[in-house]
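Asks: coords please:
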Amino acid sequence: EGFVLADDPAIRIESRAHKMSKARGNVINPDTIVAEYGADSLRLYEMFMGPLEAVKPWSMKGVEGVYRFLGRAWRMIVDAEADVLRLDHRVSSEDMTLEQSKVVARTVATVTDDYESLRYNTAISRLMEFVNFFTSQESRPKAAMQIFTLLLAPMAPHVAEELWHLLGGEKTLSYEPWPSFDPALLVEEQVEIPVQVNGKLRGRVLVATEADAVEIERAARDDSRVAVLLEGKTVRKVVVVPGKLVNFVVG
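Replies: Modelled structure (predicted):
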C-alpha cells in the first residue's frame with residue numbers, strides 16, 4: 001500500500017514527479033551537465049528520454065547512460081590506448097561482409113524513418129544496436145564507420161565531427177549527403193520459425209523466407225528435438241502458418 005521510512009515505519013513516503021520550476025527549486029542547470037558530461041550527452045539524453053510530446057522524469061543515471069554509449073561509439077572507431085588521436089587498428093579499408101552490409105542497411109533505413117517521424121529515442125536505440133554489433137567485429141570497415149558517424153551527427157554533432165575527420169573527412173560532415181542503402185539488403189533470405197508440440201514451444205527451425213507449408217513442416221519434423229517428441233506419437237493435426245509457426249497436435 002505504499003512505502004515507509006525504514007528507520008520509522010510510521011512515516012509514510014510519497015514519491016511524486018514535479019515539473020521543473022524555480023519555485024520548487026528542482027531546476028537542472030544545463031551548464032553543470034555540459035561541464036561534466038559534454039553538450040552531446042545532454043542533447044542525446046533529452047532525445048532519448050522518450051517521445052518529444054510526452055512528460056518525462058529527469059534522471060542523471062540516464063545522462064550517464066548515454067555518456068557511456070558515446071564513449072563506446074568513440075572507442076569503436078578511435079584507438080583508446082594510443083597516446084595520439086588515431087583510428088583503432090580494426091578500422092580498415094576492407095569491404096563490408098554481407099552480414100555487416102545488412103546491419104548497416106537496416107540501421108540507415110530505421111534511423112532515417114525515425115528521424116522523419118521525430119522518434120529520436122528509437123533512432124538512438126538502433127544506433128546502440130549498431131555499436132554493439134560492430135564492437136564485436138574484428139574488422140570494422142571504414143565505410144560502415146562513416147555511415148554511422150553521419151547518422152549520429154544530428155544528435156551528437158561535436159563527437160561526430162571529430163570522428164568524421166579521423167575517418168578521413170576533409171570538410172565538415174554538414175555538407176555530406178545523407179546515407180543511402182540497397183533495399184535488397186533488407187530482405188531476409190531465411191526466417192526462424194518456432195515449432196510447437198501441443199501448443200508448447202519445443203524448438204525453432206530456419207527455413208527460406210519463401211518456403212511453403214510443406215517445406216516448413218518437413219524442416220520441423222527433421223529437427224532432432226522435435227523428432228524425439230513426435231516419435232511413437234500419433235500426429236492428429238499439423239498447423240502451419242508460413243513465416244510464423246508450426247504446431248503439431250499429437251495424441
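Asks: Which secondary structure elements does whichever strand or helix holds residue 105 sit against?
Replies: Assigned by DSSP states H and E, residue 105 belongs to helix 98-116. Contacts defined by 3 or more C-beta pairs under 8 Å, 6 or more residues apart in numbering; DSSP states H and E place helix 98-116 against helix 120-135, helix 142-152. In short, each C-beta sits where N, CA and C put it, glycine included.
Asks: Next, the angle from the last one to helix 120-135.
Replies: Spelled out, it's helix 142-152. 160 degrees (axes from the mean of the first three to the mean of the last three C-alpha atoms, to 10 degrees).
Asks: which residues sit against helix 142-152?
Replies: For helix 142-152, the surrounding residues in contact (C-beta atoms under 8 Å, 6 or more residues apart in numbering) are 73, 76-77, 91-93, 95-96, 100, 104, 107-108, 111, 123, 127, 130-131, 134, 159-160, 163-164, 167-169, 173, 176, 178-179.
Asks: what about the strands in the chain?
Replies: Under the criterion DSSP state E, the chain carries strands at the ranges 3-4, 12-13, 91-92, 140-141, 190-197, 200-208, 235-241, 245-250.
Asks: just the CA coordinates of the last one, formatted as CSV?
Replies: Taking only C-alpha atoms (Å, rounded to 0.1, in the frame of the first residue of the first chain), the coordinates of strand 245-250 have been written out as CSV:
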residue,chain,number,x,y,z
LEU,A,245,4.9,-21.0,-36.5
VAL,A,246,4.3,-24.8,-36.8
ASN,A,247,2.2,-26.7,-34.2
PHE,A,248,1.9,-30.5,-34.1
VAL,A,249,-1.1,-31.7,-32.3
VAL,A,250,-0.3,-35.2,-31.0
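Asks: and the nearest residue to residue 97 once chain neighbours are set aside, how far is that from residue 91?
Replies: With C-beta to C-beta, 6 or more residues apart in numbering as the criterion, residue 97 has its nearest non-adjacent residue at 8.0 Å, and that residue is residue 139. Distance of residue 139 to residue 91, computed by C-beta to C-beta, to the nearest Å: 9 Å.
Asks: When those two are compared, which one has more neighbours?
Replies: Per other C-beta atoms under 10 Å, whichever of residue 139 and residue 91 has more neighbours is residue 91, with 22 against 14.
Asks: what about the spatially closest residue to that one that is not a sequence neighbour, neighbour count?
Replies: Using C-beta to C-beta, 6+ apart and skipping residues adjacent in sequence, the residue nearest residue 91 is residue 140, 4.9 Å away. Using other C-beta under 10 Å, residue 140 has 23 neighbouring residues.
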